[in-house]
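**Q** Got a predicted structure here, sequence first:
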Amino acid sequence: MNDVFELRSADAAGRIGELRVPRSDTIVETPALMPVINPHLQTISPARLETEFGAEICITNGYIISQSDYREEALSKGLHEFLDFSGAIMTDSGAFQLAEYGDIDATSADILDFQYRIGADIATPIDIPTPPEASHERAADELATTQSRLESVSDVDTGAMLVNAPVQGGVYTDLRERAARDARETGLDLHPVGAVVPLMNDYRYGEMVDVVAAAKRGLGAASPVHLFGAGHPMTFALAVALGCDLFDSAAYALYARDDRYLTVRGTERLPELDYLPCECPVCVAHTPDDLRAMPDDERETRLAEHNLYVSFGELRRIKQAIRRGDLLELVETRARGHPAMVDGYRALLDHTDRLERQDPASKDAFFYLSAESAQRPEVRRHHERLARLSVEGDVLLTEGDINTAYDASWRVVPPFGPFPRALSETYPLTAEVPERLDDAAYEQAAEGIRRLVETNPDAEFTLAHRSWPERALGALPERVTVRPLESMDEYEERGEGES
């Protein structure tokens, strides 16, 4: 495990961990939200972020401070006193300004040294954020520059300060994976995945997932990962399930300035709200009319408070889901808030093989909520285990529970497929599955049957089914005899759930 990061709980690729920050002698529980603090414009003071909202870590822009009137004050007081924040403080490097304006007045060594001298706990070299529209050639060239800057960090005295090794590469998964591998080999401490904000702004969540998954492949499971610019609570569960540990958000303040109201399902506009669909202190104490009648500064503060309550509340909900083992159920619920999030969830499940390697083998429950549930890691793991099981003679596979003259009778439960009856009360075969199943569940059950049949070439199999769709039945091996369950008149059906 990484020297500064310790895993505590896991579900899918999501995890609760402890990030040890030696310079401030603090421990940050992840997944964690880092509110962005703009020294020039503080909608919510850093002290309030810490005491009222529970922020254990924040982020501010070291480059902006270095170029501003606050430079000498930050140098003389140190960042913690300057911001009035006792938790861990990460500083950004000016890479955003570089992407926006094309040039900045600092070298990577300069800005790292400045971050160290103002007392940053976690610093960031100047990387190059490659936009999604860039060519592969441009992305590779900019990545080479970023990598050379990371390798030069050793030339700067960083003491106990942790240092980020950003992962860039545009939308090209081969570059992202290579960049992540190179970033890990630098021996630096944390790994922000950068330049994903344009993808999120354009609701390209499927591409965002593929980019992060590629970075995770290169980084490995031990590296703490920061998803740069991911500040909307609707994305948190999906990103955590991918294996992201830190998020930074200026959205709480920027959206409030524009009368935008964050929810876990998306963004509402205050002028269009008749009710406030939230239980936070702001929404309990006010109506939309109350907020609209406030002076601009007061309304902005109240909306920013609400946005923070929602954001921190969602992270607590995600942590509880990890503890309970139902993070993917939460991701699926959140995905239903927007079609683009459904695309992101489906992209996540395209990486089921990696999720399965990190997913706990046992949990309390499995809830089948939609066709996407058929692609979950637990289903894949069951199919892998089927390939190791042996059975002989004439084998009945049935959704029912019947006395038969067969040599063996195994249960079949979509989407998992067949299993010995003795395993009926083991996870995940105790899954909560709706009566009206979709075709995807049956198709995955057919895949499980195929794995079992291929592993046992000398056995004969009969599937006694209840109205399976033709596509699922057509996917079965030829060696499987298919019979409707109601046609098994010569046998006594004892009913579901009996052993």
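**A** Okay, I see it.
**Q** who's in contact with residue 58?
**A** 34-37, 46, 49-50, 83, 85, 87-90 (CB atoms under 8 Å, 6 or more residues apart in numbering). The C-beta positions use only the backbone N, C-alpha and C, and glycine is treated the same way.
**Q** Return the subset of those lying in strands.
**A** Counted as lying in strands by DSSP state E, out of the contacts of residue 58, are 34-37, 88-90.
**Q** ok, those vs residue 361, which is closest?
**A** residue 34 (32.6 Å; CB to CB).
**Q** Tally up the residues packed near that closest one, please.
**A** Residue 34: 24 surrounding residues under other CB atoms under 10 Å.
**Q** What residues are bridge-paired with it?
**A** Counting by DSSP bridges, residue 34 forms beta bridges with residue 248.
**Q** mind listing what it touches?
**A** Neighbour list for residue 34: 55, 57-59, 90, 246-249 [criterion: CB under 8 Å, 6+ apart].
**Q** now these: which count as buried?
**A** 55, 57-59, 90, 246-249 (16 or more other CB atoms under 10 Å).
**Q** residues contacting residue 259?
**A** Going by CB under 8 Å, 6+ apart, residue 259 touches 269-271, 299, 303.
**Q** ditto for residue 14
**A** 31, 240-243, 318, 322, 327.
**Q** Could you export those residues as TSV, including distance to residue 234?
**A** Formatted as TSV, the contacts of residue 14 follow (distance: CB to CB, whole Å):
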residue	distance to residue 234
31	15
240	12
241	13
242	15
243	18
318	12
322	18
327	15
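**Q** Looking at these, which is nearest residue 285?
**A** Distance ranking of those against residue 285, using CB to CB, places residue 318 first at 26.2 Å.
**Q** tell me the mean pLDDT over the host helix or strand of that closest one?
**A** Residue 318 belongs to helix 296-324 when assigned by DSSP states H and E. Averaged across helix 296-324, pLDDT comes to 98.
**Q** can I see the domain layout of the protein?
**A** Domains of the chain are assigned by automatic domain parsing as 5-355, 363-493.
**Q** Residue 464 looks like it's in a strand, true?
**A** Yes - counting by DSSP: H, G, I helix; E, B strand; the rest coil, residue 464 is found in a strand.
**Q** Show residues contacting stretch 317-325.
**A** 9-11, 14-16, 29, 31, 236-237, 240, 327, 329-330, 360, 363-365.
**Q** Could you list the buried residues of it?
**A** 318-319, 321-322, 325.
**Q** so how far is it off the chain centroid?
**A** Centroid separation between stretch 317-325 and its chain, computed with CA atoms, centre = their mean, to the nearest Å, is 12 Å.
**Q** hang on, the earlier thing: which among the contacts of residue 259 count as buried?
**A** 270, 299, 303.
**Q** For the second one, which non-adjacent residue is spatially closest?
**A** Right, the one you point to is residue 299. residue 291 (5.4 Å; CB to CB, 6 or more residues apart in numbering).
**Q** show me what contacts the one you found?
**A** For residue 291, the contact set (CB under 8 Å, 6+ apart) comprises 270, 276, 299, 302-303.
**Q** Can you add distance to residue 341 and pLDDT and give the contacts of residue 34 back as CSV?
**A** CSV is the format used below for the contacts of residue 34 (distance: CB to CB, whole Å; pLDDT from 0 to 100):
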residue, distance to residue 341, pLDDT
55, 26, 97
57, 26, 98
58, 27, 98
59, 25, 97
90, 27, 98
246, 21, 98
247, 16, 97
248, 20, 94
249, 18, 85
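**Q** Who are the contact partners of the residue lying closest to residue 488 once chain neighbours are set aside?
**A** In space, and not counting its chain neighbours, residue 488 is closest to residue 464: 5.4 Å by CB to CB, 6+ apart. When the contact criterion is CB under 8 Å, 6+ apart, the partners of residue 464 are 396-400, 402, 483-485, 487-488.
**Q** Name the nearest of those relative to residue 221.
**A** residue 397 (36.1 Å).
**Q** Surely that closest one forms part of a strand?
**A** Yes - counting by three-state DSSP, residue 397 is found in a strand.
**Q** What ranges does the stretch 101-250 of the chain have for its strands?
**A** 122-123, 162-163, 191-193, 225-227, 246-249 (DSSP state E, counting those that start in this stretch).
**Q** so where do the strands sit in the stretch 301-450 of the chain?
**A** Going by DSSP E, counting those that start in this stretch, the stretch 301-450 of the chain shows strands at 394-398, 402-403, 408-413, 417-420.
**Q** Please identify the buried residues of the last one?
**A** To tie it back to what came earlier, the one meant is strand 417-420. Applying 16+ other CB under 10 Å to strand 417-420 flags 417-419 as buried.
**Q** so how far is residue 361 from the closest residue to residue 333 other than its chain neighbours?
**A** Nearest residue to residue 333, sequence neighbours excluded (CB to CB, 6+ apart): residue 369, at 7.4 Å. Summarising the geometry, the distance separating residue 369 from residue 361, computed by CB to CB, to the nearest Å, is 21 Å.
**Q** So which of the two has more stuff around it?
**A** It is residue 369, of residue 369 and residue 361, that has more neighbours when counted by other CB under 10 Å, with 17 against 10.
**Q** Touching, that one and residue 334? I think so.
**A** No - here residue 369 does not reach residue 334: they are 11.5 Å apart, not a contact under CB atoms under 8 Å.
**Q** So for stretch 456-470, what gets flagged as buried?
**A** 456, 459-465, 468-469.
**Q** Tell me the pLDDT of the residue lying closest to residue 114 once chain neighbours are set aside.
**A** Nearest residue to residue 114, sequence neighbours excluded (CB to CB, 6+ apart): residue 66, at 4.8 Å. Reported pLDDT at residue 66 in the predicted model: 91.
**Q** cool, residue 331 as well?
**A** 97.
**Q** Pull the contacting residues for residue 465.
**A** Taking CB under 8 Å, 6+ apart as the contact definition, residue 465 lies against 398-399, 412, 473, 482-485.
**Q** before we move on, the earlier item: need the strands of the stretch 101-250 of the chain in JSON lines (columns: distance to residue 135).
**A** Putting the strands of the stretch 101-250 of the chain into JSON lines (distance: least, CB to CB, whole Å) gives the following:
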{"stretch": "strand 122-123", "distance to residue 135": "31"}
{"stretch": "strand 162-163", "distance to residue 135": "30"}
{"stretch": "strand 191-193", "distance to residue 135": "20"}
{"stretch": "strand 225-227", "distance to residue 135": "24"}
{"stretch": "strand 246-249", "distance to residue 135": "28"}
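**Q** out of the ones you listed, which comes closest to residue 391?
**A** Nearest to residue 391 among the strands of the stretch 101-250 of the chain is strand 225-227; the distance by CB to CB comes to 42.8 Å.
**Q** Okay, now the sheet partners of the closest one, with direction.
**A** With DSSP bridges as the test, strand 225-227 is paired with strand 191-193 (parallel), strand 246-249 (parallel).
**Q** how about these in JSON lines, adding distance to residue 338?
**A** Putting those into JSON lines (distance: least, CB to CB, whole Å) gives the following:
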{"stretch": "strand 191-193", "distance to residue 338": "21"}
{"stretch": "strand 246-249", "distance to residue 338": "18"}
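**Q** Tell me which of those strands lies nearest to residue 138.
**A** strand 191-193 (18.6 Å).
**Q** Check the average confidence over the closest one, would you?
**A** If you average the pLDDT over strand 191-193, you get 97.
**Q** How about stretch 32-41?
**A** If you average the pLDDT over stretch 32-41, you get 94.
**Q** Pull out the buried residues from that stretch.
**A** Per 16+ other CB under 10 Å, stretch 32-41 contains these buried residues: 32-37, 39.
**Q** swap in stretch 466-485?
**A** Of the residues in stretch 466-485, 468-469, 472, 475-476, 480, 485 count as buried by neighbour count, 16+ other CB under 10 Å.
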